[in-house]
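[1] Sequence and predicted structure below; questions after.
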Amino acid sequence: MKEMLPQWIPTLLEAGELRGFDTATVDELLAMSAATMDRYLKPVRDAANPKGMASTRPAGELLRNSITIRKAGDELDGLPGNVEADTVAHCGPSLKGEFCRTLTVVDFATGWTENASARNNAYRNLSKAEAVIEERLPFAIRSYDNDNGSEFINLDFISHLQAIDVEQTRSRPYRKNDQATVESRNNHIVRRHAFHYRYEPAELDLLNELWELVRIKANLFTPSKKPVGRASTRDGRPKRVYDQPMTPWERLKRFDDEDRARGGPGFIKPGRRERIERLIAETNPAELVRRIHAIQDELEQAAMPRTKRLERKLGPDMAYLNKTLARITGADVSETDDEPAGAS
């Protein structure tokens, strides 16, 4: 938040968005520390939302084993084009029936994130979302890392990646740390903007309209830090060392400029730099956020009643509740595992 203000404030002042604030107030805001900003914003960020559910269906073993595993500690070349991908199920409290899925693709080096939604996980639908993302990315994909879900590990998708000369790797089963970058985007991008409600095909167009705006905000106007190493504090405790906060677009431009200075072709696709710079100059961040909020309101009005009805219909998870109560009372959890829900 603090690092984005020097970019946002001049644009907001020029657009008249801060008309009710004097210069002293703006200066006070710019001087505020990141910790103070976090403290003021904590109640908003902590607003409760219903939780989602895991819906990954493992692919067949033979096909899965044909794809190389990439672990959390495996080194990449640190250049743009190595992406991680995952899907989020907008199922609400139940996996039954048809509900939308959002595909997230994030570049490891720059943090550039793209999202697109599909009406379900069928390849003919998810491939449309993948095509949208590949067209939007301002750089070419060089490697594609996914989980073990059948939406990624199938003959059609494997053939597609081979046709565009992209190496495919996969994470280890049930090891989310192998895909820590995209897992963080599932929370900070998808769930933060689309919440945990159940979205059905009727809301598909609204979801994709939302992602078109979120990509501009996240990639062009939201700086972030990346870990660059480790160090020790004075008392010997290890700590992470981070670089200066930058937007994904600024990181991508830096990689592109450095490669061209060495005589390389660069990473940004032809014509994209001018198009994106023009988009930044023409965008009012406050109006962008208002448009995002308007779509979120529409999604909430459509999906929240449906989600609440499902929650009332399903009732509490008694199996989980029984185990929790057993732990609190000190009972042997193993003895309650096979006990029917509601049994006395």
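    It's in.
[2] The stretch 1-150 of the chain: strands as residue ranges?
    Assigned strands in the stretch 1-150 of the chain, in chain order: 68-69, 82-89, 101-107, 113-118, 143-146 (criterion: DSSP state E, counting those that start in this stretch).
[3] and among these, the most buried is which?
    Mean neighbour count (mean count of other C-beta atoms under 10 Å) peaks for strand 113-118 among the strands of the stretch 1-150 of the chain, with a mean of 26. C-beta here means a position set from N, CA and C on the backbone, and glycine is covered the same way.
[4] partners of it in the sheet?
    Here strand 113-118 has these sheet partners by DSSP bridges: strand 101-107 (antiparallel).
[5] Mind pulling the model confidence for residue 44?
    Note for residue 44: predicted pLDDT of 63.
[6] Packing partners of the one helix or strand residue 300 maps to?
    Here residue 300, judged by DSSP states H and E, is contained in helix 285-314. Contact analysis of helix 285-314 by 3 or more C-beta pairs under 8 Å, 6 or more residues apart in numbering; DSSP states H and E lists helix 5-14, helix 192-194, helix 204-220 as its packing neighbours.
[7] give me the low-pLDDT residue ranges for this protein?
    The chain contains residues with pLDDT under 70 at 44-60, 316-344.
[8] dump the residue contacts of the residue most central in space within it.
    Nearest to the mean C-alpha position of the chain, by C-alpha atoms, centre = their mean, lies residue 185 at 2.2 Å. By C-beta atoms under 8 Å, 6 or more residues apart in numbering, residue 185 lies in contact with 104, 106, 113.
[9] same check, this time on residue 267
    By C-beta under 8 Å, 6+ apart, the residues touching residue 267 are 79-81, 139-140, 252, 255-256, 259.
[10] Please pick the buried ones from those.
    Neighbour-count burial (16 or more other C-beta atoms under 10 Å) applied to the contacts of residue 267 gives 79-81, 139, 252, 255-256, 259.
[11] can you redo those as CSV with distance to residue 190?
    Formatted as CSV, the buried ones among the contacts of residue 267 follow (distance: C-beta to C-beta, whole Å):
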residue, distance to residue 190
79, 26
80, 22
81, 22
139, 22
252, 21
255, 25
256, 27
259, 31
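[12] Closest to residue 38 out of these?
    Of all these, residue 252 has the smallest distance to residue 38: 27.1 Å, by C-beta to C-beta.
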